[in-house]
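>>> What follows is a protein structure lacking sequence information:
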C-alpha cells in the first residue's frame, strides 16, 4: 500500500528581517552588504521532519505554542512551499485551516459558496449538487441572498465549515477548527468530522485538547521547536505529551484562576460582539431582535441576558436597534404633541411673553 501523505526531511525557513526594501536593487545591495546579519534573521519553523501516513491513519499533531504545528499543516496543504525536503500527497485534499478566510464580504452566501468552492477546487456541477446540503448544515436558509458582511462571526464559521466538509476527501486537514463557534456548533462539527472518518480517509489534526486527539486519532506526533520529537501510536505518545505539559499544583491553580478571568472577559466581549451583530442585523435586514438572536443560535433562555447587553450598548455608545430608534422617535413625537396640547406653566409664560411682545 502506498502512503497517502509522505513528508521527507521537511524544513520551513522564514526571514525575520525587519528591514524593508523599496526596490529589487535595494534588496540585492543589502544582501551583499549585510549577508551575515541576514543569515542571523533566519528562523527555522520546521527542521528535518519526516513521516508517512497511510489510508485510514488519523494523526494528531501535538506540541506547545510555537512548535510548528500549524506550519506543517499549511505546508502539506500547499499554502507554504518547503524550504528543504519534499511532500508527496495522493488523493483529494480538504484543508480546514481558516474558516471563511476567502469570503467576499459584498457577496451573498450563494455567491460565496461558488467562489469559495472554486478556490477549494470544486467543480460548478459538484457545488450545485451540494448547495442545499451546505445551506442546511450552516442553518442559513433565511439568509442565502444576504451579503456576508452582515453575518455574525458564528454564521461565517458555519458557512465556511459547511463548504469545506461538503466534499468526501482522501486527506482531511484540521487546524483547531473544532474549537470554533459555540458549544452547539462544536458538537455538530465534531459529529460531521467523525462521519467523514469512515473508510480510508487520512486525517491530520491539530488540537490543544489531548482528549479530543484521543477520540479522533489513532496516531500522534509531538513537535518541539520545529523538530519531530516522537511519532507513533496515540496510546504511546499521549503519556509523553501529558508529562511534557504537567505543571506544579500551585502553578495550575494560578493558571486556572487566570483562565477563569480570561474566560469571563472573553464571554463579556463575545456577548458584546453578538449584541452588536444583533443590532446590525435588525437595522440592515429589517428583522426583530428575537429573530436576529435565533439566527445566530442564541438559546431562548439567554435572551434576557442579551437584552441587557444591548441596553448597555445603547447607553454607552448611543447605538440603537431599529425598533428602539422607532420607539424613541415615537416617544419624542408623543412628548411634542403632549406639550402642544397641554403646556406647562413655563410654556404658558413663554407664550404670554410672545403675545405681549407682539
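Great, that's in hand. Computed from a predicted model, the values in this text were never measured in an experiment. Residues are numbered from 1 along each chain as shown.
>>> which residues in the stretch 151-300 of the chain form helices?
Remark: helices assigned in the stretch 151-300 of the chain by DSSP state H, counting those that start in this stretch are 153-164, 183-196, 210-216, 234-244, 249-284, 289-295.
>>> Would you reformat the ones you listed as CSV and include distance to residue 143 and mean pLDDT?
Any C-beta I mention is one placed from the backbone N, CA and C, and that applies to glycine too. Shown next, in CSV, are the helices of the stretch 151-300 of the chain (distance: least, CB to CB, whole Å; pLDDT from 0 to 100):
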stretch, distance to residue 143, mean pLDDT
helix 153-164, 7, 83
helix 183-196, 16, 78
helix 210-216, 30, 87
helix 234-244, 40, 91
helix 249-284, 9, 82
helix 289-295, 7, 86
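>>> Nearest to residue 45, out of those helices?
Residue 45 lies closest to helix 234-244 among the helices of the stretch 151-300 of the chain, at 19.2 Å (CB to CB).
>>> and that closest one, what other elements does it pack with?
Where contact means 3 or more CB pairs under 8 Å, 6 or more residues apart in numbering; DSSP states H and E, helix 234-244 is packed against strand 58-62, helix 210-216, strand 219-224, strand 227-233.
>>> How many residues are close by residue 155?
By the criterion of other CB atoms under 10 Å, residue 155 has 24 neighbours.
>>> quick one, what contacts it?
When contacts are counted by CB atoms under 8 Å, 6 or more residues apart in numbering, residue 155 is found next to 138, 140, 143, 295, 296.
>>> Out of the helices of the stretch 151-300 of the chain, flag the one nearest residue 115.
Counting by CB to CB, residue 115 lies closest to helix 153-164 out of the helices of the stretch 151-300 of the chain; the figure is 9.7 Å.
>>> can you give me the angle the closest one makes with helix 183-196?
Using axes from the mean of the first three to the mean of the last three CA atoms, to 10 degrees, the direction of helix 153-164 lies 10 degrees away from that of helix 183-196.
>>> what residue ranges in the stretch 1-150 of the chain score low on pLDDT?
Low-confidence segments of the stretch 1-150 of the chain, defined by pLDDT under 70: 16-41, 98-102.
>>> Residue 142 versus the closest residue to residue 185 other than its chain neighbours, what's the distance?
The shortest distance from residue 185 to any non-neighbouring residue, by CB to CB, 6 or more residues apart in numbering, is to residue 158 (6.2 Å). In this view, residue 158 and residue 142 are 13 Å apart by CB to CB, to the nearest Å.
>>> out of those two, which sits in the busier spot?
More crowded of residue 158 and residue 142, by other CB under 10 Å: residue 158, with 27 against 13.
>>> Next up, the contacts around that one.
Residue 158 touches 137, 138, 139, 140, 181, 185, counting by CB under 8 Å, 6+ apart.
>>> In strands only, show me those.
Among these, no member falls in strands (criterion: DSSP state E).
>>> can I get those residues in JSON lines with distance to residue 66 and neighbour count?
Listed next are these as JSON lines, based on distance: CB to CB, whole Å; neighbours: other CB atoms under 10 Å:
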{"residue": "137", "distance to residue 66": "34", "neighbour count": "19"}
{"residue": "138", "distance to residue 66": "33", "neighbour count": "22"}
{"residue": "139", "distance to residue 66": "36", "neighbour count": "20"}
{"residue": "140", "distance to residue 66": "36", "neighbour count": "21"}
{"residue": "181", "distance to residue 66": "25", "neighbour count": "21"}
{"residue": "185", "distance to residue 66": "28", "neighbour count": "18"}
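>>> Let me know the pLDDT of residue 350.
With respect to pLDDT, residue 350 scores 49.
>>> Can you report how many residues neighbour the closest residue to residue 63 other than its chain neighbours?
Distances taken as CB to CB, 6+ apart place residue 223 nearest to residue 63, at 3.9 Å, with adjacent residues excluded. Residue 223: 24 surrounding residues under other CB under 10 Å.
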